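Chemist: model the following, please.
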Amino acid sequence: YRNGKSNVGKSSWKSTSLFLEIGRKDIWTAVDLRPFRRMMESGELKTSKSIAFELLSYDILLLSPDDQYPTVNY
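Modeler: Below is the predicted model:
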């Protein structure tokens with residue numbers, strides 16, 4: 001989800017899929033994007049326009065763990 005709307009299957013999904021690889025599937029993950037932004041601005045990090053947009057738009061990226069179906073606990 002981005003700005004409250006699902007992006008799965010849309011062209012904008014590709015720009016966030018790279019960031020999803022950073023997180024773990026079993027815990028919440030907070031990623032500070034500011035160091036990546038500084039690297040991009042200094043020319044040390046080369047990226048596509050869509051990923052640059054993500055780096056310039058947000059400071060922190062919060063990744064949730066994968067959803068799981070409830071299990072019976074009795």
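
Chemist: please enumerate the helices of the chain.
Modeler: For the chain, applying DSSP state H gives helices covering 13-20, 34-42, 49-57.

Chemist: list the buried ones in the second one?
Modeler: Read it as helix 34-42. Residues of helix 34-42 classed as buried by neighbour count (16 or more other CB atoms under 10 Å): 36-37, 40. Where C-beta positions appear, they are placed from N, C-alpha and C, glycine not excepted.

Chemist: with the last one instead?
Modeler: Buried positions in helix 49-57, judged by neighbour count with 16+ other CB under 10 Å: 51-52, 54-55.

Chemist: and those, which two are the farthest apart?
Modeler: The most widely separated members of the buried residues of helix 49-57 are 52 and 54, with 7.3 Å between them, by CB to CB.

Chemist: in a markdown table, list the buried residues of helix 49-57 along with pLDDT.
Modeler: Shown next, in a markdown table, are these (pLDDT from 0 to 100):
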| residue | pLDDT |
| --- | --- |
| 51 | 83 |
| 52 | 89 |
| 54 | 84 |
| 55 | 88 |
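
Chemist: between the residues you listed, which is closest to residue 25?
Modeler: Using CB to CB, the buried residues of helix 49-57 come closest to residue 25 at residue 54, 20.6 Å.

Chemist: roughly how far apart are that closest one and residue 34?
Modeler: 12 Å (CB to CB, to the nearest Å).

Chemist: how about low-confidence regions in the chain?
Modeler: Scanning the chain for pLDDT under 70 picks out the ranges 1-4, 6-20, 67-72, 74.

Chemist: ok, 80 please
Modeler: Within the chain, the ranges that satisfy pLDDT under 80 run 1-25, 66-74.

Chemist: from residue 66, how far out is residue 57?
Modeler: To residue 66, residue 57 is 24 Å away according to CB to CB.
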